[in-house]
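>>> Give me a 3D structure for the following:
(one chain, ligands or ions: 1)
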Amino acid sequence: MAETAIIIGAGPAGLTAAFELLQRTGVVPIVLEVEDYVGGISRTANYKGNRIDIGGHRFFSKSDRVMEWWLDRMPMQRVQAGQATIGYQRKSRDVATTGQGPDPEQCDEVMLVRQRKSRIYFLRRFFDYPITLSLDTIRKLGLLRMVKIGFSYLRAVLFPVRPEKNLEEFFINRFGRELYHTFFKSYTEKVWGEQCSVISAEWGAQRIKGLSILGTLKHIFSKIFRRRGDITQKNTETSLIEQFLYPKYGPGQMWETVAREIERRGGQIVHHQRVSKIHLDRERIVAVEAVDPRSGQTTVYRGDWFFSTMPVKELVRALDAEVPAEVRQVSEGLIYRDFITVGLLLKELKVREDSKQGQQLIRDNWIYIQEPDVVVGRLQIFNNWSPFMVSDRSKVWVGLEYFCYETDNLWKMSDQELIELGSREMEKIGIIERSAVLDATVIRMPKTYPAYFGTYDRFDKVRRFMDRFSNIFLLGRNGMHRYNNQDHSMLTAMVAVDNIVAGVRDKSNLWDVNTEQDYHEAKDPQQGSGKATKPL
Ligand SMILES: Cc1cc2nc3c(=O)[nH]c(=O)nc-3n(C[C@H](O)[C@H](O)[C@H](O)COP(=O)(O)OP(=O)(O)OC[C@H]3O[C@@H](n4cnc5c(N)ncnc54)[C@H](O)[C@@H]3O)c2cc1C
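Residues are numbered from 1 along each chain as shown. Presented below is the predicted three-dimensional model:
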């Protein structure tokens, strides 16, 4: 009899685990997913042919293993002559993909190569992200503010805050107080719903570690001399990555493709199954119980191996075992931030960009809304992620992103109220005219950000307790309560399967993903471990 693996969650980590098991072992995977879609946070929602990517998912990784894996599932688009600076050199094939590959106008299964552009919107104006000290910036900020920025930066360089305890001090040490107040404070506090002074500096170290004024200047110079032709941009601080891959129809397309392949190879994906109980026999998991939320019917799934990508807090609650009080207390104290996207279909934006062909749609993929008089935190322009995300390319399809808790009034507002709020706020800050709104929808996504506050500083208690159970692997983002992007989430799954294949019992190599030396863009011994994975 073949062994069975029960995998909780059909997001990137769960699907990668299933795929790898089918590819490299005789273990048969059964993926249990509570929703009716696959992809988890990396899914693509489809509203009347207009697609929403929750948060905007750039596909890039410093791991060749992940880059190869993605491109094996979906090839890179053909790049036209003159644009041939962007081929990822595939290790296994030893050929540049440049000049080959499908044409996205003709073929659906294709990864587009996209140019990153993101700016900060503040004082009703756009500022480059990362911030450039250009004449344009000086003009927009005004001379007085620039002088203040200069002096406060100098002060931070001469008298840095030591030890650096919280995120506010982290920002001030790298940018000075004035620049922190201008470009970072409002947006970061919208994301977390907390003052930067109560958020651990570790979060900064994890997310934006290599970013600083000096780092930005170095990047501008190195760009002039950089070797062309490598989309992994291995030596580039991740916040400054300029090109990325993107499935033609958004990130969910990758995961739908992978799900089909899993089923074709004999794996199962069972939807509407919420795992709510986990049965043990001493140090081994023997079965899970899943409830169908539509009917309330319970099904028991027995297995030899278990992979969990469900939030750790819910996993510990589901254990049918004696959980030490301290472990339970830490796991109950874990905090998650939730996320709302209001999709607006627009005739046009009020803000436009000059080009040789006249005024056109601005080119940003996303814009940080630093304005403190609105609640919206970020604006996605889906046309610029992929033109195929929009059913009618003459229209503009945007996502207004709100960060909140499930207990907040914002989360509980009706869709219509959220659409009203979004349209009003966009008009208030001068991005749209309300009369330009043609259609709208709302997507709520719980538990998008595992928080590095609450009881997170004692998370090792939960980790050590769970690591005792030999046949379960905690994977992914909420599964490990770690700020993992898709690549890290996938790598945890790959390493778990490596361990099964090699008979390795110790799970520390899973927890090392996203803290490995290879992932440190700027090696700063003062900052501890962690990797900058994306700008804020
Ligand atoms: C705003 C934002 C922007 C991001 N941008 C990027 C980016 O640019 N690039 C990038 O690579 N990554 C990005 N990410 C990260 C990426 O979304 C995650 O790394 C990835 O989706 C995590 O995969 P996962 O499988 O661990 O978890 P998830 O995607 O959370 O999937 C878990 C799955 O488990 C299911 N589930 C949960 N509980 C149960 C249960 N009890 N029973 C059954 N099923 C259950 C869920 O429904 C879900 O489908 C971003 C994330 C956010 C929030």
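
>>> Next up, the contacts around the residue nearest to residue 203 when sequence neighbours are not counted.
Of all residues not flanking residue 203 in the chain, residue 452 sits nearest, at 4.4 Å (C-beta to C-beta, 6 or more residues apart in numbering). The C-beta positions use only the backbone N, C-alpha and C, and glycine is treated the same way. Going by C-beta atoms under 8 Å, 6 or more residues apart in numbering, residue 452 touches 199-200, 202-203, 206, 483.

>>> Whichever residue of the stretch 351-500 of the chain sits closest to the ligand - how many residues pack around it?
Closest to the ligand within the stretch 351-500 of the chain is residue 476: 2.0 Å, counting by C-beta to the nearest ligand atom. A count of neighbours around residue 476, defined by other C-beta atoms under 10 Å, yields 31.

>>> Skipping its backbone neighbours, what lies nearest it in space?
residue 13 is the one closest to residue 476 (C-beta to C-beta, 6+ apart), at 3.1 Å.

>>> Can you give me the distance of the one you found to residue 347?
40 Å (C-beta to C-beta, to the nearest Å).

>>> How about residue 244?
29 Å.

>>> The two: which has the busier surroundings?
residue 244 (20 against 13).

>>> Spell out the secondary structure type for the more buried one.
Look at residue 244: counting by DSSP: H, G, I helix; E, B strand; the rest coil, its state is strand.

>>> give the contact list for the residue of the stretch 101-250 of the chain found nearest the ligand.
The stretch 101-250 of the chain approaches the ligand most closely through residue 244 (7.7 Å), counting by C-beta to the nearest ligand atom. Applying C-beta under 8 Å, 6+ apart, we find residue 244 in contact with 58-60, 113-114, 116, 231.

>>> of all the residues in the stretch 301-450 of the chain, which ones are close to the ligand?
Residues of the stretch 301-450 of the chain lying close to the ligand by C-beta under 6 Å from any ligand atom are 309-310, 314, 339, 448-449.

>>> Got a ChimeraX select line for the buried ones in these?
Filtering those down to the buried ones (16 or more other C-beta atoms under 10 Å) takes a single ChimeraX command:
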select :309,310,314,339,448,449
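
>>> ok, so of the residues of the stretch 301-450 of the chain next to the ligand, who is nearest residue 426?
residue 339 (17.9 Å; C-beta to C-beta).

>>> gap between the closest residue to that closest one other than its chain neighbours and residue 378?
In space, and not counting its chain neighbours, residue 339 is closest to residue 448: 4.0 Å by C-beta to C-beta, 6+ apart. Distance, residue 448 to residue 378, by C-beta to C-beta: 12 Å.

>>> again, but for residue 13
24 Å.

>>> Compare those two (neighbour count), which wins?
residue 13 (34 against 23).

>>> Doesn't that one belong to a strand?
No. Assigned with three-state DSSP, residue 13 falls outside any strand and is helix.

>>> surely it meets residue 477?
Yes. The criterion here is C-beta atoms under 8 Å, and residue 13 meets it with residue 477 at 7.4 Å.

>>> what residues are shared contacts of those two?
Shared contacts of residue 13 and residue 477 (C-beta under 8 Å, 6+ apart): 309, 489.

>>> Low-confidence bits of the chain, can you list those?
80-99, 205-241, 516-536 (pLDDT under 70).

>>> How about the residues of it by the ligand?
Checking the chain against the ligand by C-beta under 6 Å from any ligand atom, the hits are 8-14, 32-35, 40-42, 55-58, 273-275, 309-310, 314, 339, 448-449, 476-479, 484-487, 489, 534.
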